[in-house]
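Student: A predicted structure for the sequence below; I have some questions about it.
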Amino acid sequence: MLSVSLPAETIFYIGTWPVTNAVFMASLVVIFLVVLAIVLNKKMRMVPNGMQNLTEVVIEGSLGLMDDVLGSRARSEKYFPLVFTIFIFILVSNWLGLVPGVTSVTVGHGTGAIPLLRSPASDLNFTLAISLIAVTMVNVIASSVMGLRHRASVFVNLKSPLGFYVGILELISEFARIISFTFRLFGNVFAGEVLLAVMALLVPYVVPLPFMGLEVFVGFIQAFIFGMLTLVFIALATTPHEGEEVGH
Amino acid sequence: MQQIFSQLGINWSLLLSQAVNFALLLIVLRIFVYTPLIKLLHDRRVRIEDGLAKADEADRRLHEVDLMGKEALKRAENEAVALLKRTEDRAKELEARLIGEIKKKEDEEAAAVAARLRAQEEASRRETEKEAAALVRRAIIRTVELSPEAVDDALIARAVKEAGTSA
């Protein structure tokens, strides 16, 4: 019996605080990455080997990509933590959610049985939280680099009627960003989960495999897009427009 | 609005949980990975650049030392050749001087020998003269004993003289 639930299911409460399977899985991802980070940190050497090599290649590559967008290594290193954490968190969440059998562990009995784990991005709370953080951080970074007054003048411009109108549009586009961030990621991952569930129900063997490969690719692309868009928004917000001066 | 949110499963506490998850991950990764790893990459770059610069410097120095060595060898060779030539010259000079000295000594010795010979000759001639004179005297005495007349001292002297020249 195939049942698709749009909201994540609550598996237990801490006091009155609900914990859904998506939140539980996201916490496991955090624990996994934290353990990995600590192990990496303890084994960090001037002459790299194994995991450190891989990490260095990934980080150097990401920094190189960011250099192309931001124009300098110093800026890349400044914004790297936010952008890369968004990327790696979404990527690992998506991929761990695809591991076969991850959704097979259930709690409860009979028709009330719900999966213990659920791909975090198939729950809107996860995608909305990261979207809000990303858009908020873009504005915080822009305010600290360009000055709060300058950042506010992007949205509230009283110099001319046209400028005022453009300011309103900018304000709307900020919210549009949050919504597009949220639903792009959610839509792709949720649709992927549903697709895989449906394919597995129709033809249990072999046939779902290409779709699995497709979802691995989608999982990477969505993480990449989320990080890349955050990076582009940072770049746009911290680059003075033509004829403007950088305030402090 | 509230209804849409609840239908989509959006819930403040869940939203906050996920935000905390993300924030936690960001902080931990920043402390344990990003900051130390980027610093490590910087340090390694600096060390590699340093090492390359040092290697270049070493190459340059080695080349200089090589050139210096070659130069020194050449100079030493030149000096050795000059020294040999000087020694040869001096040897020749010495040889010439020695030969000269030997010749001079030989000449002196020859002269001394000649002088001695002459002195001996003189002495023997005097001896001969003396003997001749004695002989003549004895002959004269004998002659006188046989015929004491007509014997003149002057005649005797002339005879003696003649005998001296003929001797």
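Tutor: Perfect, I can see it now.

Student: please list the residues of chain B that sit near chain A.
Tutor: B:7-11, B:13-19, B:21-26, B:28-30, B:32-34, B:36-38, B:40-41, B:43-44, B:47 (C-beta under 8 Å from any C-beta of the partner chain). For glycine as for every other residue, the C-beta is placed from the backbone atoms N, C-alpha and C.

Student: repeat that for 6 Å
Tutor: B:8-10, B:13-15, B:17-19, B:21-22, B:24-26, B:28-30, B:32-34, B:36, B:38 (C-beta under 6 Å from any C-beta of the partner chain).

Student: next, whichever residue of chain A sits closest to chain B: secondary structure please.
Tutor: Per C-beta to the nearest C-beta, A:Pro7 is where chain A lies closest to chain B, at 2.2 Å. Secondary structure, DSSP: H, G, I helix; E, B strand; the rest coil: A:Pro7 is coil.

Student: show me what contacts it?
Tutor: By C-beta atoms under 6 Å, 6 or more residues apart in numbering or on different chains, A:Pro7 lies in contact with B:Gly9.

Student: the chain: helices as residue ranges?
Tutor: Since you didn't name a chain, this refers to chain A. Using DSSP state H, the helices assigned to chain A run over residues A:21-42, A:51-70, A:73-98, A:124-146, A:148-155, A:161-202, A:208-238.

Student: you looked at the wrong chain, it should be chain B
Tutor: Using DSSP H, helices in chain B cover B:2-8, B:12-29, B:35-146, B:153-166.

Student: narrow the residues of chain B next to chain A to just the buried residues.
Tutor: B:8-10, B:14-15, B:17-19, B:21-22, B:25-26, B:28-30, B:32-34, B:38 (16 or more other C-beta atoms under 10 Å in any protein chain shown).

Student: can I get stretch B:119-136 in PDB, CA atoms only?
Tutor: C-alpha atoms of stretch B:119-136 as PDB (Å, rounded to 0.1, in the frame of the first residue of the first chain):
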ATOM      1  CA  ALA B 119     159.600  24.500 -14.100                       C
ATOM      2  CA  GLN B 120     160.700  20.900 -14.200                       C
ATOM      3  CA  GLU B 121     162.100  21.400 -17.700                       C
ATOM      4  CA  GLU B 122     164.100  24.400 -16.400                       C
ATOM      5  CA  ALA B 123     165.300  22.500 -13.400                       C
ATOM      6  CA  SER B 124     166.300  19.500 -15.600                       C
ATOM      7  CA  ARG B 125     168.100  21.800 -18.100                       C
ATOM      8  CA  ARG B 126     170.000  23.400 -15.300                       C
ATOM      9  CA  GLU B 127     170.900  20.000 -14.000                       C
ATOM     10  CA  THR B 128     172.000  19.000 -17.500                       C
ATOM     11  CA  GLU B 129     174.000  22.200 -17.800                       C
ATOM     12  CA  LYS B 130     175.600  21.400 -14.500                       C
ATOM     13  CA  GLU B 131     176.300  17.800 -15.500                       C
ATOM     14  CA  ALA B 132     177.600  19.000 -18.900                       C
ATOM     15  CA  ALA B 133     179.900  21.500 -17.300                       C
ATOM     16  CA  ALA B 134     181.200  18.800 -14.900                       C
ATOM     17  CA  LEU B 135     181.600  16.400 -17.800                       C
ATOM     18  CA  VAL B 136     183.400  19.000 -19.900                       C
END
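
Student: just give me the neighbour total for A:Met51.
Tutor: 13 (other C-beta atoms under 10 Å in any protein chain shown).

Student: quick one: pLDDT of the residue nearest to it when sequence neighbours are not counted?
Tutor: Leaving aside its sequence neighbours, A:Met51 sits nearest to A:Leu40 (C-beta to C-beta, 6 or more residues apart in numbering or on different chains; 6.0 Å). Reading off the confidence values, A:Leu40 has pLDDT 88.

Student: contact partners for the residue in chain B positioned nearest to chain A?
Tutor: Among all residues of chain B, B:Gly9 sits closest to chain A, at 2.2 Å; criterion: C-beta to the nearest C-beta. Shown in contact with B:Gly9 (C-beta under 6 Å, 6+ apart): A:7-8, A:124.
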